[in-house]
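Undergrad: Need the 3D shape of this:
(2 chains)
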There are 2 protein chains.
Amino acid sequence: MINLVILGAGNVATHLARAFSHAEDIKLKQVYNHKPESLIPFKHITATTTDLNQLEKADVYLIVLKDDVISEVAGLLENNDALILHTSGSVPLKALNKFKNHGVFYPVQTFSKKKPVNFREIPICLEANTAENLEFLKGLAEKISNKTYEIDSEQRKALHLAAVFVNNFTNHLYRLGAEICKNNEIPFEILKPLIRETVDKLESLTPREAQTGPALRDDKQTISRHLAMLEPKHQELYKILTQSIQELNGKKL
Amino acid sequence: MINLVILGAGNVATHLARAFSHAEDIKLKQVYNHKPESLIPFKHITATTTDLNQLEKADVYLIVLKDDVISEVAGLLENNDALILHTSGSVPLKALNKFKNHGVFYPVQTFSKKKPVNFREIPICLEANTAENLEFLKGLAEKISNKTYEIDSEQRKALHLAAVFVNNFTNHLYRLGAEICKNNEIPFEILKPLIRETVDKLESLTPREAQTGPALRDDKQTISRHLAMLEPKHQELYKILTQSIQELNGKKL
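TA: This is a model prediction of the structure:
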């Protein structure tokens, strides 16, 4: 039985607490957060505390807090033999190096509190200060996910950057598409099968092979017609994306 | 029974010919293309021809050709009482106005020859020169799809532009994400559940509500770290996308 304490009560902490509370051989002993009201949703799962001096004894402490408070909270934790982990994509392993046993447990997913997720399908990227801790961490991650990867701090930084492109930036393009639809009284629904197919194609084609459209064809007529239809604030974005597609495909600009 | 002739043999024509050849009350009489070798895959479905003077008599002629040859081929077609349609997102209805009965049949999807699609789920945007033709066109579209929409030429131009954002540009961001992974020896697989969830969220949240990330939080530290990691040619794109997210959310730049 692995005894676990989670520090944090945001979206990621909520989903991790749910997943671990249903996992075999894991005892979620406690959830900590400095705001008592944020702990309310956890009270039916386990014990809670707002006081770092009242943490239960455990084998693993999972710090699931914003990047800029990880070091601060880690600084307040007592050093003992427990394994101390954070879950951030961009904070290096060494932020926890005051602890004898430390590691990173980074689930690559976007979480909303309301929307349930299937944790078994979520890739978890692992790093630890020793081979033994890494082995232990892998066992822990496999309690809730089928997909674990060993990823070092440099790789994790790159992965986090790639995630910004495929998640944050992509979602913003959906927003611009939805805005164009709204301005022209077109239901955004019409675009959803296209959006899904764009993703489905990744199963059989590389994104390079799947690329289509006026930028790739260098269809100057369509490109200028599109630019003329866009608000000035979106023209620059259209141009830069078009240039970027053409550069990667070796077209002249 | 509606007699149909398809002009074209590309990706869209291939999928339309397949769908119509299985549809009830439709007889796909012939497929035309100027290149004989492109017609080979159609020979087991129906008759084919490379000669516009040898077109079969039909109720509907569906021009499924590249935008810049639609007018040219339409100019060579004999005018009669048949309904003449094109399938382009960006060519206006009036490109076919030499015909007594004409319309647009625009399926909003990205097609690859090899990948089968379920046409019943593909939205088809319809426009015609008379109310009667529109009614007939709707009946025709419903033979292969459950999702038909009446969309005029101006709206269709806007829809095509929105599709470039959510399909072509999004796919390019997947490509950049895949490139960052490759350069850092990270399997691109790790990002796929995140990509899928970004799309799944559109079922319960608007893209505006779903937006997350360093640009939205105005997390300057992460933004500068990301810029430092990117090749110069991708820095500008990262900056413009970040600015665009911040502008739409009313942040100061």
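
Undergrad: From residue A:213, how far off is residue A:186?
TA: 19 Å (C-beta to C-beta, to the nearest Å). C-beta here means a position set from N, CA and C on the backbone, and glycine is covered the same way.

Undergrad: do the same with residue A:86
TA: In terms of C-beta to C-beta, residue A:86 sits 40 Å off from residue A:213.

Undergrad: neighbour count winner among these two?
TA: More neighbours surround residue A:86 than the other of residue A:86 and residue A:213, with 26 against 20 (other C-beta atoms under 10 Å in any protein chain shown).

Undergrad: So what pairs up with the more buried one in the strands?
TA: residue A:63, residue A:104 (DSSP bridges).

Undergrad: who's in contact with the residue in the stretch 1-150 of chain A positioned nearest to chain B?
TA: As assessed by C-beta to the nearest C-beta, chain B sits closest to residue A:123 within the stretch 1-150 of chain A, at 4.5 Å. Residues near residue A:123 by C-beta atoms under 8 Å, 6 or more residues apart in numbering or on different chains: A:107, A:108, A:109, A:145, A:147, A:148, A:149, B:189, B:190, B:193.

Undergrad: how about a cut-off of 10 Å?
TA: A:106-109, A:141, A:145-149, A:151, A:159, B:187, B:189-194 (C-beta atoms under 10 Å, 6 or more residues apart in numbering or on different chains).

Undergrad: Give me the buried entries from those.
TA: A:106-109, A:141, A:145, A:147-149, A:151, A:159, B:190-194 (16 or more other C-beta atoms under 10 Å in any protein chain shown).

Undergrad: Closest one of those residues to residue A:17?
TA: Residue A:17 lies nearest to residue A:107 out of these, by C-beta to C-beta, at 12.6 Å.

Undergrad: pretty sure that closest one is touching residue A:145, no?
TA: Yes - assessed by C-beta atoms under 10 Å, residue A:107 is found in contact with residue A:145 at 7.5 Å.

Undergrad: and for the two, which residues touch both?
TA: A:19, A:119, A:122, A:123, A:124.

Undergrad: What is the most widely separated pair among those residues?
TA: So, the shared contacts of residue A:107 and residue A:145 by C-beta to C-beta: farthest apart are A:19 and A:123, at 13.8 Å.

Undergrad: Now the common contact residues for those two.
TA: A:107, A:145.

Undergrad: where along the stretch 101-250 of chain A do the helices fall?
TA: A:131-142, A:153-163, A:170-183, A:192-200, A:207-210, A:214-217, A:220-229, A:232-248 (DSSP state H, counting those that start in this stretch).

Undergrad: got CSV for those, with distance to residue A:47 too?
TA: Shown next, in CSV, are the helices of the stretch 101-250 of chain A (distance: least, C-beta to C-beta, whole Å):
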stretch, distance to residue A:47
helix A:131-142, 20
helix A:153-163, 31
helix A:170-183, 36
helix A:192-200, 41
helix A:207-210, 46
helix A:214-217, 56
helix A:220-229, 57
helix A:232-248, 49
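
Undergrad: Now whichever residue of the stretch 51-200 of chain A sits closest to chain B. Nearest residue, chain neighbours left out?
TA: With C-beta to the nearest C-beta, the shortest gap between the stretch 51-200 of chain A and chain B falls at residue A:168, namely 3.3 Å. Spatial nearest neighbour of residue A:168, chain neighbours left out: residue B:213 (3.3 Å); criterion: C-beta to C-beta, 6 or more residues apart in numbering or on different chains.

Undergrad: Residue A:57: neighbour count?
TA: 10.

Undergrad: Thank you, goodbye.
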